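Participant: sharing a sequence plus its predicted fold:
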Amino acid sequence: MLFSLQVLFYRFYMFLLKTSIRVLPFREPRLFTGADSALALCDALSTDGTRRLMIVTDAVLVKIGLVEPLRQRLEAAGITVTVFDGVEPDPSVALIEQGLQQLKRDQADAILAIGGGSSIDAAKVIAARATNNKAIRKMEGLFRVFRRPLPLHVIPTTAGTGSEVTIAAVVSDPERQKKMSIIDLKLAPVTACLDGKLMAGLPPGVTAATGMDALTHAVEAYISRNAMKRTDVYAVEATRLIMEHLPQVMDNGNNIESRQQMALASYKAGIAFTQAGVGYVHAISHNFGARYHTPHGLGNAIVLPHVLEFSKTACADRLADLARVSGLDSAGASDMELAERFIHRIREMNAQFGIPTGLEALEDKDIPAIAKAAMAEAHLTYAVPRYMDRPTCEAFIRTIKLPPQPSEDAARAA
């Protein structure tokens, strides 16, 4: 009885949130698309008043030479460029503060993020801290970035997070073993590019995890009770593109056309979930990342089929829609049959891409805390199609635990 009343409260709260979202002035970045669009973006910055620019990226992209041609292009346009390459996966509060200190020393008036979701999220928060005299923890939650950040431009090098169009940034808080979500319209980048050519060198593991991350965004946005006609269009198209082109880029990483289509899919999924929200996949995966440093895309890929299996009774018709655009339809199939085919196809893709069915690092002693944190994140943030109570959530997370794999010596002995 108590849980039923809580669900009614969550549903009412989400109805109010959806009503507000309908009228919010979401802004998309000025977009450059196609091969070498990253260079076109650099050229455009010289005409928008940018004089001193800090690039936010990671050391790997600097080492492989991806950043240098872009830096040279910017400097040729008369822009003074410095590079902060300290970004690591799951950027922490301390890392953001390091970036902020360099930004101040360099007196940069704009930021260019080059990289995956971690670099873009770090750049968003550095840009916000530069103009808001408040601690990062004080920005956590909805609409707590009071002053407009420094102008932010982004060049994504993975097709997954959709951070180039979202209004959110995720920051790791190791002291609290928590990932903080900072959500504000002001975090939307000013300019972005979708350049599949930059993604040709991605390793298969990164390609798979980021691609399944984008799929998770699209699917969770579509089955959200806060989905709207305008978000449905983006979510459905993103799903179609991913189901067609992710297997192709996994087969041939140099397929630039499919890389470009995956970049577009990630962007469209980003628009969809920015307005419709996500769900339990993200709530649980965020906590896996905070506690075990599980890469976000990998965590989403692992958790996605489990959550869809739990949720399918409440959203079979929506999952059936996604099955149809994924080419899984057949005459006479019911919505539930199509929903199950769609979930099965996701499991097949995970297996094909080498993504495990569960998380080996998950420890039984951590499950109560993970469930508590995941429910706290989901229930007043995401309009999930079916709610879990505490015992259900703990039991659900327990099913995701992967038994330890035997060592090679033990396997040979067996």
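Facilitator: Done, it's in. As the structure is a computational prediction, the values presented were derived from the model and not from experiment.
Participant: could you report the neighbour count for residue 275?
Facilitator: As a burial measure, residue 275 scores 22 neighbours (other Cβ atoms under 10 Å). The way it works is simple: take the backbone N, C-alpha and C, and place the C-beta from them, glycine included.
Participant: so what secondary structure elements neighbour the helix or strand it falls within?
Facilitator: Here residue 275, judged by DSSP states H and E, is contained in helix 256-276. Helix 256-276 sits against strand 30-33, strand 191-194, helix 204-223, helix 229-251, with contacts defined as 3 or more Cβ pairs under 8 Å, 6 or more residues apart in numbering; DSSP states H and E.
Participant: check which residues of the first one are buried.
Facilitator: For strand 30-33, burial by neighbour count (16 or more other Cβ atoms under 10 Å) applies to residue 32.
Participant: what helices or strands is it leaning on?
Facilitator: If contacts are counted by 3+ Cβ pairs under 8 Å, 6+ apart, strand 30-33 sits against helix 37-45, strand 191-194, helix 256-276.
Participant: about what we covered before: and of the helices and strands packed on helix 256-276, who's closest to residue 266?
Facilitator: Closest to residue 266 of the helices and strands packed on helix 256-276 is helix 204-223 (Cβ to Cβ; 4.3 Å).
Participant: what angle sits between the closest one and helix 229-251?
Facilitator: Angle, helix 204-223 to helix 229-251, by axes from the mean of the first three to the mean of the last three Cα atoms, to 10 degrees: 160 degrees.
Participant: so which other helices or strands are in contact with helix 204-223?
Facilitator: Here helix 204-223 touches helix 229-251, helix 256-276, helix 280-292, helix 296-325, helix 335-353, going by 3+ Cβ pairs under 8 Å, 6+ apart.
Participant: what about the second one, distance to the chain center?
Facilitator: Which is helix 256-276. Here helix 256-276 shows a centroid-to-chain-centroid distance of 11 Å under the convention Cα atoms, centre = their mean, to the nearest Å.
Participant: buried residues, it. List them.
Facilitator: Buried residues in helix 256-276, defined by neighbour count with 16+ other Cβ under 10 Å: 256, 258-276.
Participant: average pLDDT for stretch 185-196?
Facilitator: In this model, stretch 185-196 carries a mean pLDDT of 97.
Participant: residues touching the nearest residue to residue 14 once chain neighbours are set aside, list them.
Facilitator: Of all residues not flanking residue 14 in the chain, residue 383 sits nearest, at 4.0 Å (Cβ to Cβ, 6 or more residues apart in numbering). Contacts for residue 383 (Cβ atoms under 8 Å, 6 or more residues apart in numbering) come out as 14, 17-18, 224-226, 276-277, 279.
Participant: quick one: which of those residues is nearest residue 163?
Facilitator: Of these, the one sitting nearest to residue 163 (Cβ to Cβ) turns out to be residue 277, at 15.7 Å.
Participant: the closest one touches residue 228, doesn't it?
Facilitator: No: contact between residue 277 and residue 228 fails when scored by Cβ atoms under 8 Å: they sit 10.9 Å apart.
Participant: which of the two has more neighbours?
Facilitator: Shown here are residue 277 and residue 228; by other Cβ under 10 Å, residue 277 has more neighbours (25 against 15).
Participant: tell me the spacing between the more buried one and residue 323.
Facilitator: Distance, residue 277 to residue 323, by Cβ to Cβ, to the nearest Å: 22 Å.
Participant: and stretch 62-76, what's buried?
Facilitator: Neighbour-count burial for stretch 62-76, counted by 16+ other Cβ under 10 Å, picks out 62, 66-67, 70-71, 73-74.
Participant: having no further points to raise, I will conclude here.
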